[in-house]
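*Asks:* could you look at this predicted model? Sequence included:
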Amino acid sequence: MAKTILMEEFHVAVQVPANLPKKQYASMRRTLKSNRFQTRLRAAVANVFRRHPSLTPVKFSLSR
């Protein structure tokens with residue numbers, strides 16, 4: 001028997017204007033792929049979960 005079940009799944013879409021300079025896209029991509037950004041995003045999501053006592057037993061993961 002499964003030890004966990006998938007209760008909910010959220011997706012975040014990052015959309016940018018189509019007419020930006022290539023350098024700006026590259027900068028955005030570097031930021032989104034950076035360990036610092038991903039660590040801070042994970043911490044922000046964890047913080048939201050911690051604010052809701054009913055979610056105490058929940059485990060979450062972030063993936064790309």
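*Replies:* Yes, it's here.

*Asks:* low-confidence stretches in the protein?
*Replies:* Under the criterion pLDDT under 70, no range of the chain is flagged.

*Asks:* can you measure across stretch 53-64, start residue to end residue?
*Replies:* Terminal residues of stretch 53-64 lie 27 Å apart, using C-alpha to C-alpha, to the nearest Å.

*Asks:* hmm, who's touching it?
*Replies:* Outside stretch 53-64, the residues that touch it by C-beta atoms under 8 Å, 6 or more residues apart in numbering are Thr4, Met7, Gln38, Leu41, Arg42, Val45, Ala46, Phe49. C-beta here means a position set from N, CA and C on the backbone, and glycine is covered the same way.

*Asks:* let's see that with 7 Å instead.
*Replies:* With contact meaning C-beta atoms under 7 Å, 6 or more residues apart in numbering, stretch 53-64 is reached by Leu41, Arg42, Val45, Phe49.

*Asks:* which of those residues has the most neighbours?
*Replies:* Val45 (15 neighbours; other C-beta atoms under 10 Å).

*Asks:* just to revisit the earlier point, and the contacts of stretch 53-64 as CSV, adding distance to Leu20?
*Replies:* CSV is the format used below for the contacts of stretch 53-64 (distance: C-beta to C-beta, whole Å):
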residue, distance to Leu20
Leu41, 22
Arg42, 27
Val45, 27
Phe49, 34
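
*Asks:* which outside residues touch the helix or strand hosting Phe37?
*Replies:* Per DSSP states H and E: Phe37 is located in helix 35-50. The contact list for helix 35-50, computed with C-beta under 7 Å, 6+ apart, reads Thr31, Leu55, Val58, Phe60, Leu62.

*Asks:* any idea how many residues pack against the nearest residue to the first one once chain neighbours are set aside?
*Replies:* Taking C-beta to C-beta, 6 or more residues apart in numbering, and ignoring the residues beside it in sequence, Thr31 has Phe37 as its nearest neighbour in space, at 5.4 Å. A count of nearby residues for Phe37, using other C-beta under 10 Å, gives 12.
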